[in-house]
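# predicted model and sequence follow; I will ask about them next.
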Amino acid sequence: MNLRIKEIRESHHYTQADIAKVLHCTQQNYSKYETGEITIDADKIVLLADFYNTSVDYLLGLTDEIVPHKN
């Protein structure tokens, strides 16, 4: 998952500091999420999925479809 959140951030041209603000954490902590040094909490994964308009499954690497399925 850490590689996936880095790739999606870079593809949207955001900095780590930008996404840290979305997650209400420090840039240093966000950097550790991307490197896998610390595990990202489930609530923050949901925030990221909403922010990027994708699915939690995509961020977790369970699917390669970036666009979430409509209910």
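Perfect, I can see it now.

# ok, the closest residue to Ser31 other than its chain neighbours - contacts?
Of all residues not flanking Ser31 in the chain, Gln16 sits nearest, at 5.5 Å (C-beta to C-beta, 6 or more residues apart in numbering). No exception for glycine: its C-beta is placed from N, CA and C like everyone else's. Residues in contact with Gln16 (C-beta atoms under 8 Å, 6 or more residues apart in numbering) are 9, 27, 30-31, 34.

# and Leu48, by the same measure?
5, 8, 19, 22-23, 59.

# redo that, cut-off 10 Å
Under the criterion of C-beta atoms under 10 Å, 6 or more residues apart in numbering, the neighbours of Leu48 are 1, 4-5, 8-9, 19, 22-23, 33, 40, 54, 56, 58-59.

# restricted to helices, list those.
Judged by DSSP state H, helices contain the following of those: 4-5, 8-9, 19, 22-23, 33, 56, 58-59.

# make a markdown table out of those and add pLDDT, distance to Val67 and neighbour count.
A markdown table is the format used below for the ones in helices among the contacts of Leu48 (pLDDT from 0 to 100; distance: C-beta to C-beta, whole Å; neighbours: other C-beta atoms under 10 Å):
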| residue | pLDDT | distance to Val67 | neighbour count |
| --- | --- | --- | --- |
| Arg4 | 95 | 15 | 18 |
| Ile5 | 97 | 17 | 21 |
| Ile8 | 97 | 12 | 19 |
| Arg9 | 97 | 17 | 19 |
| Ile19 | 98 | 20 | 24 |
| Val22 | 97 | 20 | 15 |
| Leu23 | 97 | 22 | 18 |
| Tyr33 | 97 | 23 | 24 |
| Val56 | 95 | 13 | 16 |
| Tyr58 | 95 | 9 | 20 |
| Leu59 | 95 | 13 | 20 |
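
# mind giving me the ChimeraX select for the contacts of Gln16, buried ones only?
For the buried members of the contacts of Gln16, the matching ChimeraX selection, counting by 16 or more other C-beta atoms under 10 Å, is:
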select :9,30,34
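
# with that, I have no additional questions.
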